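1. Just to be clear, the model below is a prediction. Sequence and coordinates:
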Amino acid sequence: MTTRVTATKPGTAPGGSAKAPPLRPEHRQLAVLAALVVVAIPLPLVLPPALGAVAVRILIFLIMAVGWNIMSGFGGMFSFGHAAYFGLGAYTSAYLLTEHGVSPWVGMVAGMAVAAFVAVVIGYFSFRYKLQGAYFALATFAFAEMLRLIATSSDFVNSAMGYQVPLIQESSLWLLQFPADSPAYFWVALVLAGAAVAISIVFLHSRTGRYVTAVRDDELAAASLGTPVMQSKLVTVALSAAITAVAGSFYTQYYLFINPELAFGSAVSIEAIVPVVIGGIGTVWGPVVGAIIVGSLSDVTATLLRTPPEFLSFLQGRSGLDVMLYAVLLILIVRFLPKGIVGTLLARRRR
């Protein structure tokens with residue numbers, strides 16, 4: 001008696017039925033992102049107006065954090081001057097709208113282009129002269145401060161007064177204005193934030209993303225293998241700046257006002273950095289988790305300063321509590337979760 005052995009093709013079940021190939025990591029991440037966006041859509045319909053405003057602020061934090069994470073997390077180029085790109089997006093959009101009546105959407109695209117161009121110029125000279133680590137961070141900080149001082153003293157952009165976005169009588173998606181308690185602001189911010197996270201996922205798994213992470217881990221080894229180091233870095237900083245400019249443009253349209261301190265102040269750079277450090281630098285979901293925590297903490301501290309309980313009455317009317325809490329939280333994260341919340345969870349799962 002002879003026994004017939006039949007070979008099965010890879011990916012085919014023993015019974016002969018085709019077995020679906022596993023999802024690639026980027027596809028799984030995009031599927032999770034789509035599910036999160038769908039879950040978040042009805043939130044403004046059930047949240048009170050005050051918490052709806054907090055949710056919009058969280059999404060602005062998220063866009064900023066994603067932009068910073070692409071450059072400093074994926075690329076390893078620590079920036080302490082992302083306020084420069086936030087402010088360029090904010091001022092470009094505000095200037096085109098108030099001075100020339102250009103739609104904020106067009107202004108947003110223009111702001112992205114301006115921020116990306118400036119980032120490439122700064123990046124080129126920084127990388128050309130081998131600025132790394134603290135020196136690169138200080139260069140980005142100095143540039144943001146320079147823009148703040150220029151905007152403060154320049155009549156071309158209304159100097160220290162900044163821009164007040166003119167109100168319109170009716171809702172307009174084209175002009176990006178709705179009633180103050182409209183859920184439309186949240187939905188627009190959700191789309192922008194979802195797009196930012198999706199772009200970061202696609203970029204991380206792209207050829208340029210793999211190049212820049214290789215350069216981050218060992219630039220000399222990557223260059224010896226033929227990696228286009230300068231090109232990869234410049235693409236990364238341009239993408240990072242463009243996403244951050246989106247946050248600045250939407251911020252201006254949501255709050256209807258921008259000035260040099262709100263646009264280019266060092267606090268803006270801190271608001272981009274802190275969520276990523278808390279959530280996990282160099283991870284896809286770190287900015288998401290960190291933005292939710294930081295945005296919620298900001299609202300809690302503001303409420304506490306407005307109406308503190310009796311035993312904390314000495315805090316009423318004082319400022320700076322949010323900065324103190326950020327500092328304490330950062331110390332605890334660095335001490336006990338040095339890779340951030342998401343980074344630590346991923347490291348433990350790999351064990």
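-> That came through fine.

2. Can you show me the helices along the stretch 151-300 of the chain?
-> 184-204, 207-217, 219-224, 229-255, 260-264, 266-279, 286-306 (DSSP state H, counting those that start in this stretch).

3. Please produce JSON lines containing those, extended by mean pLDDT, distance to Ala327 and mean neighbour count.
-> C-beta here means a position set from N, CA and C on the backbone, and glycine is covered the same way. Shown next, in JSON lines, are those (pLDDT from 0 to 100; distance: least, Cβ to Cβ, whole Å; neighbours: other Cβ atoms under 10 Å):
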{"stretch": "helix 184-204", "mean pLDDT": "97", "distance to Ala327": "26", "mean neighbour count": "20"}
{"stretch": "helix 207-217", "mean pLDDT": "95", "distance to Ala327": "27", "mean neighbour count": "19"}
{"stretch": "helix 219-224", "mean pLDDT": "92", "distance to Ala327": "32", "mean neighbour count": "13"}
{"stretch": "helix 229-255", "mean pLDDT": "97", "distance to Ala327": "23", "mean neighbour count": "26"}
{"stretch": "helix 260-264", "mean pLDDT": "95", "distance to Ala327": "21", "mean neighbour count": "23"}
{"stretch": "helix 266-279", "mean pLDDT": "92", "distance to Ala327": "10", "mean neighbour count": "24"}
{"stretch": "helix 286-306", "mean pLDDT": "83", "distance to Ala327": "12", "mean neighbour count": "19"}
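
4. Leu96: which of those is closest?
-> Judged by Cβ to Cβ, the one of the helices of the stretch 151-300 of the chain that comes nearest to Leu96 is helix 229-255, at 9.9 Å.

5. distance between the closest one and the chain's centre?
-> 8 Å (Cα atoms, centre = their mean, to the nearest Å).

6. got the contact list for the nearest residue to Val294 once chain neighbours are set aside?
-> Spatially, and ignoring its direct neighbours in sequence, Val294 is nearest to Pro275 (4.7 Å; Cβ to Cβ, 6 or more residues apart in numbering). By Cβ atoms under 8 Å, 6 or more residues apart in numbering, the contact list for Pro275 reads Phe61, Leu62, Met64, Ala65, Gly286, Pro287, Gly290, Ala291, Ile293, Val294.

7. do the same with Tyr85
-> Taking Cβ under 8 Å, 6+ apart as the criterion, Tyr85 is in contact with Gly67, Ala115, Val118, Ala119, Ser240, Ala241, Ala242, Thr244, Ala245, Gly248.

8. okay, the residues you listed in JSON lines with distance to Ala31 next?
-> Shown next, in JSON lines, are those (distance: Cβ to Cβ, whole Å):
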{"residue": "Gly67", "distance to Ala31": "23"}
{"residue": "Ala115", "distance to Ala31": "30"}
{"residue": "Val118", "distance to Ala31": "35"}
{"residue": "Ala119", "distance to Ala31": "31"}
{"residue": "Ser240", "distance to Ala31": "25"}
{"residue": "Ala241", "distance to Ala31": "28"}
{"residue": "Ala242", "distance to Ala31": "25"}
{"residue": "Thr244", "distance to Ala31": "26"}
{"residue": "Ala245", "distance to Ala31": "28"}
{"residue": "Gly248", "distance to Ala31": "30"}
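
9. Let me know the closest of the residues you listed to Arg148.
-> Gly248 (13.2 Å).

10. any idea how far the closest one is from Thr140?
-> Applying Cβ to Cβ, to the nearest Å, the value for Gly248 to Thr140 is 16 Å.

11. now Phe80
-> The separation that Phe80 has from Thr140, given Cβ to Cβ, amounts to 6 Å.

12. Pick out whichever of those two has more residues nearby.
-> Thr140 (27 against 21; other Cβ atoms under 10 Å).

13. Tell me who's in contact with the residue lying closest to the more buried one once chain neighbours are set aside.
-> Using Cβ to Cβ, 6+ apart and skipping residues adjacent in sequence, the residue nearest Thr140 is Gly81, 3.1 Å away. Residues in contact with Gly81 (Cβ under 8 Å, 6+ apart) are Ala137, Ala139, Thr140, Phe141, Ala142, Phe143, Ala144, Glu145, Ser269.

14. Ala198 now?
-> Leu30, Leu33.

15. Next: Ala291.
-> By Cβ under 8 Å, 6+ apart, the neighbours of Ala291 are Ile58, Leu59, Phe61, Leu62, Ala65, Pro275, Gly279.

16. And Ala160, by the same measure?
-> Thr152, Asn259, Pro260.
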